[in-house]
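Novice: Pasting the sequence and the predicted coordinates here, then a few questions.
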Amino acid sequence: MENKNIIITSNNNVTSIENDFLKPIGKYSPFNRLWIGFLLIIAAWGVAIYIRQIYFGLGTTAMRNYVSWGLYISTFVFFIGISHSGTLVSAILRITNKEWRRPITRSAELLTWVSLLFGGIMPVIDMGRPDRVFNLVIFGRLQSPLLWDIICIGTYFVGSSLFLYLPMIPDIALCRDRLSANASQFRKWIYRKFSLGWKDTPNNWKRLEKAMHIMTIIIIPIAVSVHTVVGYIFAMTLRPGWNSTVFGPYFVAGALYSGSAAVVLIMAAFRKMYHLEKYITKKQFNYMGQIVLALTLIYAYFNLNEYAVPAYKMASTEGFLLQDLFSGSYSVVFWTLQFGTVLLPAIILAFPKGRTPVMASIVCVVIVIGAWVKRYIIVIPTLLHPYLPIQNVPISWTQYFPNWVEWSITFGALAGIFLVITLFAKIFPIVSIWEVKEGREIEEKYKQVDNAIRNEKENVQVAIS
Amino acid sequence: MKLTFKNQIVFKSALLIAATVLIWSTSYTRGQQVDKKKTAIVELSFYKNAAGVRTIVANVSAKNDSGKLVFVPGIKISFYTSTIAGKSFLGETLTNEGGKASIHFPKKIPIDTSGITIIAQIENDKVYEDAEAQASVKDARLVLSLSEVDSSRLISALATEILPDGEQKPIPNVEVNFGIQRLFGIMPLSDEAKVTTDDRGVAIFNFPKEIKGDEKGNIVLVASITDNEVYGNVEATSVSKWGEPLVVEKNPFPRALWEPKAPIILMISFSIIFGGIWFTYGFVVYQITKIEKIEKKTSA
């Protein structure tokens, strides 16, 4: 096997690429410090309020007998949905060998890993006694979708960690070789340990590519299974609105729709902050915009199935829920979501001007927020419309809106996601350097072949004339 | 008579004013009705269980807005005893969701030959008028004894009144119910499991066959005097092996989605899928550990 780093035609080009991606590492501008401080405050506030919630119990939240899965579980489903981004962009585009994927794979994989990490925490936060979470593992019934969920998410998290880590090894080795001189002891230790003694030999590349190839294939069905099982948690509970056979694929489609939009946002954020316009170009936004468009249309199709089919029948209890969604207390939110975050983005993304970096980012912000609110609309109204009314409860318990405790903890978790991403990008390259270099090398080769063909044609024409 | 245009306006205006006054007066009357206190019904019962614990229970009900009699939860009930010496306070408690309020009757309070008067009262409630119920009870005791004569199994219940000096006087002509304790209540031993005590205060009931017990044939026999005007509710229990041993049928689905044990096919499928995935992870990790080994060899 060829040594990947030394066959690039121009050494200046190599150095330039490396410099562009290594430059922001370990450097904290005043804005960076302010941003990290801001996130730390919100995350610390969330942790403090969570400790308070453990001490005083779940009674400090707005959740009661009717709504026992409130904002926390809605956010859990949302975060797990976002975690599909890495799989989609990285694994699928790797398998299909799309060259434009190279500058965005790492940020997508990172988004998967971080959102899974915090998504997995949300159900524990929803528990009144988090110390009993291990009882689910120790005494869990294999027949329970809750146990499937824990196993699937755990498996996906380990898989995502490997999937993120494997392509990082050559880049961590690069950091070890080029940045260790001025790095802190902590970063030196990380670079030394996590580069695994990487020395850019053909044997190392062989091992790495084999491992990456296996993970690329296996991570796709695992990711699909995770969100299917998250859907099963709802669909296997006998409740109006959840009693659906399409919930598994519906959740997968929703996850891909929100996850791909989140990838566009992380692309846009790092492009702007790290001045990566040279690498993350309009081309990436155009292609990602097309992917988001396709997934939005698929998601719209599932929405049609999910609501139009039961609405046609309007069976008793299901009918009350649908009336509440279509024309009742949740109607404004419901229709805003359908038109504002599904139909409108699809229309905008259908035009090339809607897929420019700025427009695509705006549209994807709307999609991501809409996806979060949609999870809320899936979870809460159903819990408020049980088949059997819960008796002897105060009338106020039949309504729900998250209180300050739930908002504090949820935003604390969100701040945690941003914080981990920010700190990650200050320790490791946020773009896969060797993959970009490899892309340039392929580009160079194509150019050389083109030039050779052109020269050959010219020579032939000269000879004929 | 045909009304002129002017008269029509006056007539319509008068109608409008009359309707407004009518609606206003109706709502005003309703408002007045809200201020008026409702009437609640209090019923009182006295219980003495097999362990000799005595309980006073008050049931409170009232008519709701549609005129239906419903239980009243959350209303404070005060309990008293009344003797020649006067009225003494026993305690107070709130009614539960079923409209019931209960307190234990202290053992230290003696019951004389004429009995004791117990009182349950609603006092100074914001919604309900003051109301009370009184009952006069005497202390009684039931003792169960079991015997087998030939092939018959007999349950004898001796009902006695406990006098202040501790002596016991048989209670004749009182109805005793015979039953057995089941999970959700007392099941009568037969449709005619009510026997009146004789002059000796004894009621005898012939225990029927084919009564299921637990796996060893154990049953809890219960004899009770129920809603008696003089003695209230008195109960006695006795454990015997007169029941037919229960044969527990073998579960046709020992492993199922609804049983504690998972179906074998589910366990196999799950193990294959996740075992395969984790084996693959292991292989991938093995590959990357090889990277380090190669380098160590090279370095060496």
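Specialist: Received it, and whenever you're ready, just let me know what you need. Numbering: from 1, shown residues only, chains lettered A, B, ... in the order given.

Novice: okay, CA-based contacts and neighbour counts for the rest of this
Specialist: Noted.

Novice: list the contacts for residue B:288?
Specialist: The contact partners of residue B:288, by CA atoms under 8 Å, 6 or more residues apart in numbering or on different chains, come to A:196, A:207-208, A:211.

Novice: now these as TSV including pLDDT?
Specialist: What follows is those, written out as TSV (pLDDT from 0 to 100):
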residue	pLDDT
A:196	89
A:207	91
A:208	93
A:211	94
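
Novice: Could I get these in JSON lines, plus columns for distance to chain B?
Specialist: As requested, those are exported to JSON lines (distance: CA to the nearest CA, whole Å):
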{"residue": "A:196", "distance to chain B": "5"}
{"residue": "A:207", "distance to chain B": "6"}
{"residue": "A:208", "distance to chain B": "7"}
{"residue": "A:211", "distance to chain B": "5"}
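
Novice: Just give the closest residue to the residue nearest the centre of chain B, not the sequence neighbours.
Specialist: By CA atoms, centre = their mean, chain B has its centre lying nearest to residue B:98, at 8.0 Å. Excluding the flanking residues, the one nearest residue B:98 by CA to CA, 6 or more residues apart in numbering or on different chains is residue B:71, at 5.8 Å.

Novice: Dihedrals phi and psi, that neighbour?
Specialist: Backbone torsions of residue B:71, given as degrees, to the nearest 10, read phi -70, psi 150.

Novice: so what's it up against?
Specialist: Applying CA under 8 Å, 6+ apart to residue B:71 gives the contacts B:59-62, B:97-99.

Novice: Just give the number of residues close to residue 262.
Specialist: All of this refers to chain A. 28 (other CA atoms under 10 Å in any protein chain shown).

Novice: hm, I was asking about chain B
Specialist: With other CA under 10 Å as criterion, residue B:262 counts 17.

Novice: Retrieve the pLDDT associated with it.
Specialist: You'll see residue B:262 listed with a pLDDT of 92.

Novice: could you measure it against residue A:137, distance?
Specialist: Distance check for residue B:262 against residue A:137: by CA to CA, to the nearest Å, it reads 15 Å.

Novice: And for residue B:212?
Specialist: Note on residue B:212: its distance to residue A:137, by CA to CA, is 40 Å.

Novice: do residue A:346 as well
Specialist: Here residue A:346 is placed at a distance of 42 Å from residue A:137 (CA to CA).

Novice: Likewise for residue B:108?
Specialist: Separation of residue B:108 from residue A:137 (CA to CA) stands at 54 Å.

Novice: what about the two, which has more around it?
Specialist: residue A:137 (14 against 6).

Novice: got the buried residues for the lengthiest helix in chain A?
Specialist: For chain A, the helix reaching the highest residue count under DSSP state H is reported as helix A:202-235. For helix A:202-235, the neighbour count (16 or more other CA atoms under 10 Å in any protein chain shown) marks A:203-205, A:207-208, A:211-212, A:214-216, A:218-220, A:222-235 as buried.

Novice: do stretch A:19-38 as well
Specialist: Buried-residue list, stretch A:19-38, by 16+ other CA under 10 Å: A:20-22, A:24-26, A:36.

Novice: ok, now stretch A:126-144?
Specialist: Buried, per 16+ other CA under 10 Å, within stretch A:126-144: A:126-127, A:141-144.

Novice: And for stretch B:112-132?
Specialist: Neighbour counts over stretch B:112-132 (16+ other CA under 10 Å) mark B:115-122, B:128-132 as buried.

Novice: what mean pLDDT does it have?
Specialist: 87.

Novice: Could you check how many residues crowd around residue A:456?
Specialist: 12.

Novice: try residue A:277
Specialist: Neighbourhood size, residue A:277 [other CA under 10 Å]: 13.

Novice: Would you agree it is in contact with residue A:268?
Specialist: No - because the distance of 9.4 Å does not satisfy CA atoms under 8 Å, residue A:277 is recorded as not touching residue A:268.

Novice: Give me the below-cutoff pLDDT ranges for the stretch 201-300 of chain B.
Specialist: Along the stretch 201-300 of chain B, the model assigns pLDDT under 70 to residues B:292-300.

Novice: what are the ranges of the strands in it?
Specialist: With DSSP state E, counting those that start in this stretch, the ranges of strands along the stretch 201-300 of chain B come out as B:202-206, B:219-228, B:232-240.

Novice: Tabulate those strands (JSON lines), appending mean neighbour count.
Specialist: As requested, these are exported to JSON lines (neighbours: other CA atoms under 10 Å in any protein chain shown):
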{"stretch": "strand B:202-206", "mean neighbour count": "21"}
{"stretch": "strand B:219-228", "mean neighbour count": "21"}
{"stretch": "strand B:232-240", "mean neighbour count": "19"}
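
Novice: nearest to residue B:282, of those strands?
Specialist: Closest to residue B:282 of the strands of the stretch 201-300 of chain B is strand B:219-228 (CA to CA; 58.9 Å).

Novice: what's in contact with the closest one?
Specialist: The contact list for strand B:219-228 (CA under 8 Å, 6+ apart) reads B:45, B:142, B:144, B:157, B:174-181, B:186, B:212-213, B:232-243.

Novice: what residues does chain A put near chain B?
Specialist: Residues of chain A lying near chain B by CA under 8 Å from any CA of the partner chain: A:141-143, A:155, A:159, A:196-199, A:203-204, A:207-208, A:210-211, A:214-215, A:218, A:392.

Novice: For the closest residue to chain A within the stretch 101-250 of chain B, list each beta-bridge partner.
Specialist: Closest residue of the stretch 101-250 of chain B to chain A, CA to the nearest CA: residue B:101 (17.3 Å). Beta-bridge partners for residue B:101, by DSSP bridges, are residue B:58.

Novice: got the contact list for it?
Specialist: Residue B:101 touches B:57-59, B:77, B:93-95, counting by CA under 8 Å, 6+ apart.

Novice: For stretch B:207-219, what is the distance to the chain centroid?
Specialist: From the chain centre to the centre of stretch B:207-219 is a distance of 25 Å (CA atoms, centre = their mean, to the nearest Å).

Novice: what's the answer for stretch A:115-131, then?
Specialist: Offset of stretch A:115-131 from its chain centre (CA atoms, centre = their mean): 18 Å.

Novice: tell me the mean pLDDT for it?
Specialist: The pLDDT scores in stretch A:115-131 average 92.

Novice: got it, and stretch A:29-47?
Specialist: Across stretch A:29-47, pLDDT averages out at 96.

Novice: quick one: the residue nearest to residue A:28 when sequence neighbours are not counted from residue B:256, how far?
Specialist: Nearest non-adjacent residue to residue A:28, counting by CA to CA, 6+ apart: residue A:426, 7.9 Å away. According to CA to CA, residue A:426 stands 52 Å off from residue B:256.

Novice: same deal with residue A:200?
Specialist: 54 Å.

Novice: coming back round to it: which of the contacts of residue B:101 count as buried?
Specialist: Counted by 16+ other CA under 10 Å, those give B:57-59, B:77, B:94-95 as buried.
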